[in-house]
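*Asks:* Fold the following, please.
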Amino acid sequence: IPPYAMPQMTMFAIQEGVIKTCEAAVSAYGLKSLPGSDGEVNVNEDMQEVCNSYKAGDSVPFTATFRAEIDPEKAPPAVEQPAEEQEEEATAEA
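*Replies:* Got it, this is the predicted structure:
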């Protein structure tokens, strides 16, 4: 990679890292982003400044806000006790 292209490559790599981190956070909490511009992610830091001060191997802390909703496909199912177990508990308490 030529030296003049390094700043652009760094910017691209950091942006991709931020995007992947946000996607992982959304997925980890069983959410899905809202469609269209309602689901956009806003990073609070100036990414150009972050890239200019970045040194290889450093972590890149950032804060971001996004809107999401609970993904019904990833939500844990409601746990219900079978009728037999409910009857046994009622009998045992009586």
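
*Asks:* part of a helix, is Val26?
*Replies:* Yes. Counting by DSSP: H, G, I helix; E, B strand; the rest coil, Val26 is found in a helix.

*Asks:* what's the burial count for it?
*Replies:* By other CB atoms under 10 Å, 17 other residues sit near Val26. For the C-beta atoms, the positions are set from N, CA and C on the backbone; glycine is no exception.

*Asks:* Just the mean pLDDT for stretch 21-35, thanks.
*Replies:* Mean per-residue pLDDT for stretch 21-35: 84.

*Asks:* now the end-to-end length of it.
*Replies:* 19 Å (CA to CA, to the nearest Å).

*Asks:* now stretch 56-65
*Replies:* End residues of stretch 56-65 are separated by 26 Å (CA to CA).

*Asks:* again, but for stretch 54-63
*Replies:* End-to-end distance for stretch 54-63, by CA to CA: 16 Å.
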